[in-house]
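**Student:** I would like to see how this sequence folds:
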Amino acid sequence: MRGKKLATVLGTVMLAGSLLLAGCSSSATNGGNKQSGNTIKIGGNFELSGAAAAYGQAMQRGTELAVSQINKDGGVKVNGKKLKLQLVQKDNKSDNSQVASVASNLATQSKVVASVGPITSGADLAALPNYTKAKVPLITPGGTQDSLTVQKNGKVQPYMFRSCFEDSYQGKALAKYVYSNMKLKRVAILADKSTDYAQGLTKAFKKEFKGQVVQVQYYQAGDKDFNTLLTKLKGKKFDALFVPGYYSEAGLIVKQARQMGITQPIVGADGFADPKLVQIAGKKNASNIYYTTHFDPKATNNAKATAYMKAYKAKYNEQAGTFDALAYDATYMIKDAIENEKSADSTKIATGLSNLKNFKGVTGTITMDKKHNPQKPVIIAKVENGEEVQATSVK
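**Tutor:** The predicted model follows:
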């Protein structure tokens, strides 16, 4: 998820000087932040206000629940000792200049040894330089842009990780599902040409789809009238319409397509995964819709996820969702990395995250690939009459 409506221009990255704080649980050296004392500080770079607040608050809830449960269970085992986690969280206000400032503050002043968040790819890119300079690993629960974990020279970003899958991963999974599960052989594409998100999905889908892409049409983010493009596609013979883009335009596309008599399945990626899609399209029109998502209670059959949903409901009196679950997994991934490396030093945690294998998370069993992307199942949700009626886990 890139957070389309957020500012995309990175603010100037401010690298704060190293300040010593009384009672710190870690110290900074040229080798990253070192854990000391009886607690392990992890950071929360959260969008608690501003345009992405709904996502950031979900991330905060998932992280806080994980920290609470880890500490209740005795803490994190490091060299035979059980240490408690301390979450140091700050509001980046959904602003990339603030994101960078928060990253610097957490890494150089609070001296955290790992960080959860921010949530979008643009914000992650703003935070990454300060975390990298401090050698503090960052796990994003929502930054799906493929290039996020890779440097311009092709080498992996050593301190950038994610608990969500990347755009191309879900594009490929969706192409396989349409062809193999839905048994559909001819697809038309109506894609957003203005975002890397949509372009990455389009490229991955076209490369993986074994059937025929009969035509590709493009729209611009912010467009409202899609009737001309849909009329062009309606004259083609196709079994499904793939719409890589965000709910704001996709909802209108669904509405206008149904109004002109296009009844074929409409498929999309995680940009569809927002209740506003149905609100914009209208419940009657929002049928025969399929989209990828990272977590869905209907597709969950593992005990850890079931326990998580129960605990989340008990603590917050609402149903667990995608981004809280991804943040919860990110926190436990940090715990797993510490225990596997027998160290809570930031560089060791990065090594442990790089080597993560068969981690049992609430969003699936995760193995980190060489580009720091989690390999795990993708969930395909189906919507009928504005209601989700099915969710299937696919590999």
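**Student:** When you work out contacts or count neighbours from here on, use the C-alpha atoms and nothing else.
**Tutor:** Will do.
**Student:** any chance you could map the strands in the stretch 101-250 of the chain?
**Tutor:** 115-116, 138-140, 160-162, 186-192, 212-219, 240-242 (DSSP state E, counting those that start in this stretch).
**Student:** In CSV: those, plus mean neighbour count.
**Tutor:** Below are the strands of the stretch 101-250 of the chain laid out as CSV (neighbours: other C-alpha atoms under 10 Å):
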stretch, mean neighbour count
strand 115-116, 28
strand 138-140, 29
strand 160-162, 27
strand 186-192, 23
strand 212-219, 16
strand 240-242, 25
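**Student:** Per-residue confidence, the nearest residue to residue 138 once chain neighbours are set aside, what does it come out as?
**Tutor:** Closest residue to residue 138 apart from its sequence neighbours, by C-alpha to C-alpha, 6 or more residues apart in numbering: residue 115 at 4.8 Å. We have a pLDDT of 98 for residue 115.
**Student:** likewise the one 3 residues further on?
**Tutor:** In this prediction, residue 118 carries a pLDDT score of 97.
**Student:** ok, it touching residue 99?
**Tutor:** Yes: if you go by C-alpha atoms under 8 Å, residue 118 and residue 99 touch, sitting 7.4 Å apart.
**Student:** anything in contact with each of these two?
**Tutor:** Listed as contacting both residue 118 and residue 99 by C-alpha atoms under 8 Å, 6 or more residues apart in numbering are 45, 127.
**Student:** The two: which has the busier surroundings?
**Tutor:** residue 118 (35 against 31; other C-alpha atoms under 10 Å).
**Student:** JSON lines for the strands of the stretch 101-250 of the chain, including distance to residue 300?
**Tutor:** Shown next, in JSON lines, are the strands of the stretch 101-250 of the chain (distance: least, C-alpha to C-alpha, whole Å):
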{"stretch": "strand 115-116", "distance to residue 300": "24"}
{"stretch": "strand 138-140", "distance to residue 300": "22"}
{"stretch": "strand 160-162", "distance to residue 300": "20"}
{"stretch": "strand 186-192", "distance to residue 300": "29"}
{"stretch": "strand 212-219", "distance to residue 300": "32"}
{"stretch": "strand 240-242", "distance to residue 300": "26"}
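**Student:** Of those, give the one that comes closest to residue 172.
**Tutor:** With C-alpha to C-alpha as the measure, strand 240-242 is the member of the strands of the stretch 101-250 of the chain nearest residue 172 (12.5 Å).
**Student:** how much distance is there from the closest one to the middle of the chain?
**Tutor:** Taking C-alpha atoms, centre = their mean, to the nearest Å, one finds the center of strand 240-242 at 24 Å from the center of the full chain.
**Student:** same question, stretch 50-64
**Tutor:** Worked out by C-alpha atoms, centre = their mean, stretch 50-64 lies 12 Å from the chain centre.
**Student:** Need the residues that contact it.
**Tutor:** The contact list for stretch 50-64 (C-alpha under 8 Å, 6+ apart) reads 3, 5-6, 44, 46-49, 87, 93-95, 116-119, 141, 321, 323-328, 330-331.
**Student:** Could you break this protein into its assigned domains?
**Tutor:** According to automatic domain parsing, the chain is divided into the following domains: 26-164+302-375, 168-293.
**Student:** From the contacts of stretch 50-64, which land in strands?
**Tutor:** Those of those mapping onto strands are 44, 46, 87, 116, per DSSP state E.
**Student:** And for the nearest residue to the third one once chain neighbours are set aside, the neighbour number?
**Tutor:** Of all residues beyond its chain neighbours, the one nearest residue 87 is residue 42 (5.2 Å), with distances taken as C-alpha to C-alpha, 6+ apart. As a burial measure, residue 42 scores 28 neighbours (other C-alpha under 10 Å).
**Student:** Am I right that residue 42 falls within a helix?
**Tutor:** No: counting by DSSP: H, G, I helix; E, B strand; the rest coil, residue 42 falls outside a helix, being strand.
**Student:** Show the pLDDT at it.
**Tutor:** Predicted confidence (pLDDT) for residue 42: 98.
**Student:** With residue 395 instead?
**Tutor:** Model confidence at residue 395, given as pLDDT, is 74.
**Student:** correct me, but it touches residue 380?
**Tutor:** No: Residue 395 lies out of contact with residue 380 (C-alpha under 8 Å); the separation is 10.4 Å.
**Student:** count of residues packed around residue 172?
**Tutor:** Neighbour count for residue 172, taken as other C-alpha under 10 Å: 20.
**Student:** now do residue 89
**Tutor:** With other C-alpha under 10 Å as criterion, residue 89 counts 21.
**Student:** and the nearest residue to residue 78 once chain neighbours are set aside, how far is that from residue 159?
**Tutor:** Leaving aside its sequence neighbours, residue 78 sits nearest to residue 342 (C-alpha to C-alpha, 6+ apart; 5.1 Å). Distance from residue 342 to residue 159, counting by C-alpha to C-alpha, to the nearest Å: 18 Å.
**Student:** hang on, isn't residue 33 packed against residue 113?
**Tutor:** Yes: counting by C-alpha under 8 Å, residue 33 does reach residue 113; the two are 5.7 Å apart.
**Student:** quick one, which of these two is more surrounded?
**Tutor:** Neighbour totals were compared for residue 33 and residue 113, and residue 113 leads with 33 against 26 (other C-alpha under 10 Å).
**Student:** in the sheet, who's paired with residue 138?
**Tutor:** Counting by DSSP bridges, residue 138 forms beta bridges with residue 115, residue 160.
**Student:** could you pull out the helices for the stretch 101-250 of the chain?
**Tutor:** 121-134, 167-176, 196-208, 227-234, 247-259 (DSSP state H, counting those that start in this stretch).
**Student:** Which strands and helices lie in contact with the fourth one?
**Tutor:** It stands for helix 227-234. On a contact count with 3 or more C-alpha pairs under 8 Å, 6 or more residues apart in numbering; DSSP states H and E, helix 227-234 meets strand 212-219, helix 247-259.
**Student:** for the record, mean pLDDT for it?
**Tutor:** Confidence over helix 227-234 (mean pLDDT, whole number) is 96.
**Student:** Now do it and helix 247-259, the angle between them.
**Tutor:** Helix 227-234 runs at 60 degrees relative to helix 247-259, counting by axes from the mean of the first three to the mean of the last three C-alpha atoms, to 10 degrees.
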